[in-house]
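Participant: Pasting the sequence and the predicted model now:
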Number of protein chains: 2
Amino acid sequence: MDEQWLSEEEQQAWRRLAAVLELLPGALDAQLVRDAGLTHFDYLALAMLSEAPDRALRMSALAAGTNATLARLSNVVRRLEGRGLVRRVPSPDDGRATDVVLTAAGWDKVVGTAPGHVATVRRLVFDALDPAQVDQLRVIGEQLLARLDPDHRMLALQQPGT
Amino acid sequence: MDEQWLSEEEQQAWRRLAAVLELLPGALDAQLVRDAGLTHFDYLALAMLSEAPDRALRMSALAAGTNATLARLSNVVRRLEGRGLVRRVPSPDDGRATDVVLTAAGWDKVVGTAPGHVATVRRLVFDALDPAQVDQLRVIGEQLLARLDPDHRMLALQQPGT
DNA sequence: CTTCGATAGTTGTACCTACAACCATCAGGC
DNA sequence: GCCTGATGGTTGTAGGTACAACTATCGAAG
């Protein structure tokens, strides 16, 4: 059992985790695109705005919370603005900064989209697990995030109901 | 506690899982691109070929095992062939089919790349978990896959050491 | 042997993301 | 007030993926 390799148990766990990593994002994306015309990233951005004070966030804060580069977020926000779901306003505090504000239409979009998304998460994930496993998953996720996201950027902002 | 929404425990578990889903693939990709010039998908395809009989697989078999569309795989294989890591040969059995064969250079690439990739998986995942959690993760992954991949396409082929 | 639906793969178009170059603004030192 | 490095954001280019249209082959029915 060389330390360089994985044990049999680790291999089995890893194969399954790798498969979940490959399949679950696609499944979530498919439901959102089909039912709401939003990518999972679009939804995540809108949902995070919907939970923020005044439903507004700095570009850089939103980028940190969604693990996106500013370049990527800039493109996404431009498209969402074109659809009337968000607005961009220059920050009054900092001439360099841009605040992204959720519009009424954007709020309605989030409210209308969330139930279907939550139902999908429930169906694909939590219906398959018993309460003890949910707790195990919570702890495992926490410990993995300590490595992947030491600064807790992803969980710093209040994340929405899903 | 409306059934339509998630319980507090489920929410916490989901936020962490969603963050892992967002961060882990990027972290794995970054290491492989940096150290080997391969995307995670490239590596997965090469590694799967390296474990196959005669180090060869049908396009459609490789696509099923990697959860890729044939269109995507066709592009990837064309690029890998251009780098001399695989060859494409028309199947002798079926005039429609194409067999993808790992070249000697491709084999060397997998052998040279695997240790660093395994080390990354170990560092990001298994070093953070104790043996009981590895077992929990294995079971949870299995139950999630039953929903995400009812036909077990992803685990049908022998997956490589990682 | 001919026909017809199904299967295997490739390619064209559109969209999305990464990387780097770029511009504007801020903050601190002098 | 002026420099200078750092920060916040946008855009051009290149590369990868999805979807749909297309070609070619297979297999079975008649």
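Facilitator: Noted; the coordinates are in hand.

Participant: Tell me the secondary structure at A:Asp94.
Facilitator: Here A:Asp94 is recorded as coil under DSSP: H, G, I helix; E, B strand; the rest coil.

Participant: ok, now which ones touch it?
Facilitator: By C-beta atoms under 8 Å, 6 or more residues apart in numbering or on different chains, no residues touch A:Asp94. The C-beta positions use only the backbone N, C-alpha and C, and glycine is treated the same way.

Participant: What does it show for phi and psi?
Facilitator: phi -140, psi 110 (degrees, to the nearest 10).

Participant: Give me the spatial nearest neighbour of the most centrally placed residue in chain A, chain neighbours excluded.
Facilitator: Central residue of chain A (C-alpha atoms, centre = their mean): A:Leu44, 4.3 Å from the mean position. Counting by C-beta to C-beta, 6 or more residues apart in numbering or on different chains, A:Leu44 lies nearest to A:Thr66, which is 5.4 Å off, once chain neighbours are set aside.

Participant: mind checking the longest helix of chain A?
Facilitator: helix A:8-36 (DSSP state H).

Participant: after that helix, next one along is what?
Facilitator: Of the helices and strands lying after helix A:8-36 in sequence (DSSP states H and E), the nearest is helix A:40-51.

Participant: If we ignore the residues flanking it in sequence, what's nearest A:Val89?
Facilitator: A:Asp99 is the one closest to A:Val89 (C-beta to C-beta, 6+ apart), at 5.2 Å.

Participant: So that neighbour: helix, strand or coil?
Facilitator: strand.

Participant: Determine the number of other residues adjacent to it.
Facilitator: By other C-beta atoms under 10 Å in any protein chain shown, 19 other residues sit near A:Asp99.

Participant: If I look at it, what pLDDT would I see?
Facilitator: A:Asp99 is assigned a pLDDT of 96 by the prediction.

Participant: Show the contacting residues for it.
Facilitator: A:Asp99 neighbours (C-beta under 8 Å, 6+ apart): A:Ala56, A:Leu57, A:Arg58, A:Met59, A:Arg88, A:Val89, A:Pro90, A:Ser91.

Participant: Okay, and the beta partners of the second one?
Facilitator: So the one you mean is A:Leu57. When assigned by DSSP bridges, A:Leu57 has beta-bridge partners A:Val100.

Participant: if I look at it, how far off is A:Ser50?
Facilitator: Plainly put, A:Leu57 is 10 Å away from A:Ser50 if you go by C-beta to C-beta, to the nearest Å.

Participant: Show me which of those two is the more surrounded one.
Facilitator: A:Leu57 (25 against 18).

Participant: Pull the contacting residues for the more buried one.
Facilitator: Applying C-beta under 8 Å, 6+ apart, the residues near A:Leu57 are A:Met48, A:Leu49, A:Gly65, A:Asp99, A:Val100, A:Leu157.

Participant: Can you name the residues of chain A that neighbour DNA strand D?
Facilitator: Counting by C-beta under 7 Å from any atom of the strand, the residues of chain A close to DNA strand D are A:26, A:30, A:58-60, A:63, A:70-71, A:73-75, A:77-78, A:88, A:91, A:94, A:96-99.

Participant: let's go with 10 Å and repeat that
Facilitator: By C-beta under 10 Å from any atom of the strand, the residues of chain A that approach DNA strand D are A:25-26, A:29-30, A:33-34, A:57-64, A:69-78, A:81, A:88, A:90-91, A:94-100.

Participant: Quick one, which of the residues you listed are buried?
Facilitator: Listed as buried from the residues of chain A next to DNA strand D are A:25, A:29, A:57-59, A:61-64, A:73, A:76-77, A:81, A:98-100; burial here means 16 or more other C-beta atoms under 10 Å in any protein chain shown.

Participant: for A:Val77, what are its contacts?
Facilitator: Applying C-beta under 8 Å, 6+ apart, the residues near A:Val77 are A:Ala45, A:Met59, A:Leu62, A:Val86, A:Arg88, A:Val100.

Participant: After the helix or strand where it lies, which helix or strand is next?
Facilitator: In this assignment (DSSP H and E), A:Val77 forms part of helix A:70-82. The helix or strand immediately downstream of helix A:70-82 is strand A:86-90, counting by DSSP H and E.

Participant: That following strand pairs with which strands, and in what direction?
Facilitator: When DSSP bridges is applied, strand A:86-90 pairs with strand A:98-102 (antiparallel).

Participant: Run the angle between the partner strand and helix A:40-51 for me.
Facilitator: Inter-element angle recorded for strand A:98-102 and helix A:40-51: 90 degrees (by axes from the mean of the first three to the mean of the last three C-alpha atoms, to 10 degrees).

Participant: Beyond strand A:98-102, next helix or strand please.
Facilitator: Counting by DSSP H and E, what follows strand A:98-102 is helix A:104-124.

Participant: how about that following helix against chain B, any contact?
Facilitator: Yes. Counting by C-beta under 8 Å from any C-beta of the partner chain, chain B is contacted by helix A:104-124 at A:Pro115, A:Val118, A:Ala119, A:Val121, A:Arg122, A:Arg123, A:Leu124.

Participant: Perfect, I'm done here.
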